[in-house]
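# Got a predicted model here, sequence first, then my questions.
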Amino acid sequence: MSDFVHVLHNLHILTNCCITPGFSSGKSFFCTDHQAIARFKLHHKLFEAVDMDADSEHLDKPPTAPFTFEHWPLTKEKNQAELLALKNSHCLLPVPAYDVARYLIVPTAY
């Protein structure tokens with residue numbers, strides 16, 4: 001049996017504990033499609049600004065291809081220069097997603 005039902009239940013509990021004072025629980029985190037299948041949305045920040053004055057953790061361990069700015073998959077090649085311009089001011093934080101065999105999924109397969 002899938003753990004998805006338990007995951008949804010735990011997410012509902014967590015989101016109800018994280019309501020901003022003065023606001024009610026919203027519905028944007030959870031949604032149901034036309035077949036009544038429960039879904040939830042997550043947010044992930046792919047680029048994080050680097051504090052040049054502080055010792056940056058990401059500089060200690062350089063990323064390996066394909067998790068680098070140079071190898072990141074793009075839908076439009078014209079965006080390559082803009083992506084590379086972020087290299088000196090941002091670090092790349094890909095979602096650590098794994099397949100069912102517990103192998104890291106590369107960005108081209110996201």
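Cool, got the structure.
# Please name every helix or strand in contact with the helix or strand containing residue 91.
Assigned by DSSP states H and E, residue 91 belongs to strand 90-92. When contacts are defined as 3 or more C-beta pairs under 8 Å, 6 or more residues apart in numbering; DSSP states H and E, strand 90-92 packs onto strand 47-49. C-beta here means a position set from N, CA and C on the backbone, and glycine is covered the same way.
# related to what we said a few turns ago, centre of the chain to the strand holding residue 91, how far?
13 Å (C-alpha atoms, centre = their mean, to the nearest Å).
# got it, and stretch 89-109?
Centre-to-centre, stretch 89-109 and its host chain are 9 Å apart (C-alpha atoms, centre = their mean).
# who touches it?
Contact with stretch 89-109 is made by 44-50, 56, 58, 63, 66-69, 72-73, 110, as judged by C-beta atoms under 8 Å, 6 or more residues apart in numbering.
# Repeat that for stretch 43-55.
56, 58, 86, 89, 90, 91, 92, 93, 94, 95.
# Is there a quick ChimeraX command that grabs whichever of the contacts of stretch 89-109 are buried?
In ChimeraX, a selection of the buried entries from the contacts of stretch 89-109 looks like this (16 or more other C-beta atoms under 10 Å):
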select :50,63,67,69,72
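# out of the contacts of stretch 89-109, which are inside strands?
The strands, defined by DSSP state E, take in 47, 48, 49 from those.
# Tell me which stretches of the protein form helices.
In the chain, the helices defined using DSSP state H lie at 4-17, 57-60, 80-85.
# the bottom helix or strand of this structure by mean pLDDT?
When the helices and strands of the chain are scored by mean pLDDT, DSSP states H and E, helix 57-60 comes last with a mean of 52.
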